[in-house]
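> Following is a predicted model, sequence given first.
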Amino acid sequence: MIQDQISEIHDTLSAVFAEVDNWFAASSELNSYRPLNGGWTVGEILEHIALTNFFLLKLIEKGASKALRNVNNLDLQQELEGYQFHMEHLFEIGSHQSFLWIRPEHMEPKGIKALSELRLELASQEDQCHRYLEDMPNGEGVLYKTTMTVNNLGKLDVYQYIFFLAMHAKRHIQQMDKNREEFEAQKIIRQ
């Protein structure tokens, strides 16, 4: 039933964004620690999540608007009869380094936003996602699909795009966890 899927997306969003928000309480030393492999700091990862959300939300907004217009042109019940969410394909997005992907340059962190600003931006982005789910409570989000090239996912409906957004953040939570593990190990070595 589509309401179960919507509820699961809602719960996943809340849990993932809460986990991301917890990172703002990390020490400034941890947030600015650059991994030995030259990867991003926690602060840069948080900025990347917000940047990626910004661009995904543009697609989600457009998709939600078109899906709600399509209610007048398509048979929602017929679309929902054979509907499958295919969550298993999207779970892979939530696993750090599970596939090769070269992100676009405009999603690279620049380090120009304060953590307090990023925190507010991420909270606002979560609210946006929840509002889209509230605006499409009966399955309307299945009425519009857009191609997602990441990991060759193909056509995703609006609900799947919102879940993708959450899984992308989850992917980077794992990256921040690895940063923390390395940071703590390096502290022990220096002692």
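Everything's here; your move. Numbers count the residues shown, from 1 in each chain.
> Residues in contact with stretch 142-149: which ones?
Under the contact criterion C-beta atoms under 8 Å, 6 or more residues apart in numbering, stretch 142-149 has outside partners 2, 59, 62-64, 66-68, 70-71, 74, 76, 79-80, 83, 154-161, 164. Glycine gets a C-beta too; all of them are placed from N, C-alpha and C.
> What's the first helix or strand after the helix or strand bottoming out on mean pLDDT in the chain?
Lowest by mean pLDDT, DSSP states H and E among the helices and strands of the chain is helix 87-91, with a mean of 76. Next helix or strand after helix 87-91 toward the C-terminus (DSSP states H and E): helix 115-135.
> Please identify the helix or strand for Leu165.
Counting by DSSP H and E, Leu165 is found in helix 158-190.
> oh, I was asking about Lys155
Going by DSSP H and E, Lys155 is part of strand 154-157.
> returning to what we had before: for ChimeraX, write the select line for the buried members of the contacts of stretch 142-149.
Once 16 or more other C-beta atoms under 10 Å is used to decide burial, the buried members of the contacts of stretch 142-149 can be selected in ChimeraX as follows:
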select :2,59,63,64,67,68,76,79,156,157,158,159,160,161,164
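> what's the residue closest to the geometric middle of the chain?
Taking C-alpha atoms, centre = their mean as the criterion, Leu165 is the residue nearest the geometric centre of the chain, at 2.4 Å.
> Model confidence for that one, exactly?
For Leu165, the model assigns a pLDDT of 97.
> so what's it closest to, chain neighbours aside?
What sits nearest to Leu165 in space, not counting adjacent residues and going by C-beta to C-beta, 6 or more residues apart in numbering, is Leu56, at 4.8 Å.
> confidence score at that neighbour?
Leu56 is given a pLDDT of 96.
> wait, it sits on Met167?
No: Leu56 is beyond contact range of Met167, at 10.8 Å (criterion: C-beta atoms under 8 Å).
> where in the protein is pLDDT low?
96-104, 191 (pLDDT under 70).
> looking at this, the residue nearest to Leu165 is in a helix?
Yes: counting by DSSP: H, G, I helix; E, B strand; the rest coil, Leu56 is located in a helix.
> Next, count neighbours for it.
Per other C-beta atoms under 10 Å, the neighbour tally for Leu56 reads 19.
> name the helices or strands packed onto the least confident helix or strand of the chain?
helix 158-190 (3 or more C-beta pairs under 8 Å, 6 or more residues apart in numbering; DSSP states H and E).
> what angle do the helix it packs on and helix 115-135 make?
150 degrees (axes from the mean of the first three to the mean of the last three C-alpha atoms, to 10 degrees).
> Quick check: buried residues in helix 158-190?
For helix 158-190, by 16+ other C-beta under 10 Å, it's 158-173, 175-176, 179, 182-183.
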